[in-house]
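# just coords:
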């Protein structure tokens, strides 16, 4: 069975349509360092990543909260594969809605990483 077909069966995650993604929600979601780290990790060329693949310094329930905020803001898309919830960055949707925003945020995060004493 094709990956796309599997993703449409079973449990579903709610996502805003592209034209319903709001700038305020995206910026709010990206303002948290943990969520920004998740977005950065997803931007590193991964198509889909299981939530457990992220090595986050928070509890499982807090991690779930961060993924939900990103999903509800329209930053990521999630689907189930078996018992794993897979996450994917909505790069094309965000670029179409807010051109250059995601790349600017990720570039700023990379620049912050070079500042001594700054953790990202």
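Sure thing, it's come through. Source: prediction; values computed, not measured.
# okay, CA-based contacts and neighbour counts for the rest of this
Noted.
# Distance of the residue most central in space within the chain relative to residue 99?
Compute the mean C-alpha point of the chain, and by CA atoms, centre = their mean the closest residue is residue 76, 3.8 Å away. Distance of residue 76 to residue 99, computed by CA to CA, to the nearest Å: 16 Å.
# How about the residue nearest to the centre of the chain, nearest residue that isn't a chain neighbour?
If the residues on either side of it in the chain are set aside, residue 76 comes closest to residue 89, at 4.4 Å by CA to CA, 6 or more residues apart in numbering.
# Test my guess that residue 35 contacts residue 68.
No: the pair residue 35 / residue 68 is not scored as a contact, 10.0 Å apart, by CA atoms under 8 Å.
# Surely residue 36 is within a strand?
No: secondary structure assignment (DSSP: H, G, I helix; E, B strand; the rest coil) places residue 36 in helix, not in a strand.
# Now do the contacts for it.
Neighbouring residues of residue 36 by CA atoms under 8 Å, 6 or more residues apart in numbering: residue 30.
# Let's see the pLDDT reported for residue 8.
Turning to residue 8, the model gives it a pLDDT of 47.
# quick one: the strands in the protein?
49-50, 76-81, 84-89 (DSSP state E).
# Give me whichever of those is most buried.
strand 76-81 (a mean of 21; mean count of other CA atoms under 10 Å).
# Any stretches of this structure with poor pLDDT?
Within the chain, the stretches with pLDDT under 70 are 1-10, 112-120.
# just the helices in this structure please.
3-8, 23-30, 33-42, 60-73, 91-97, 101-113 (DSSP state H).
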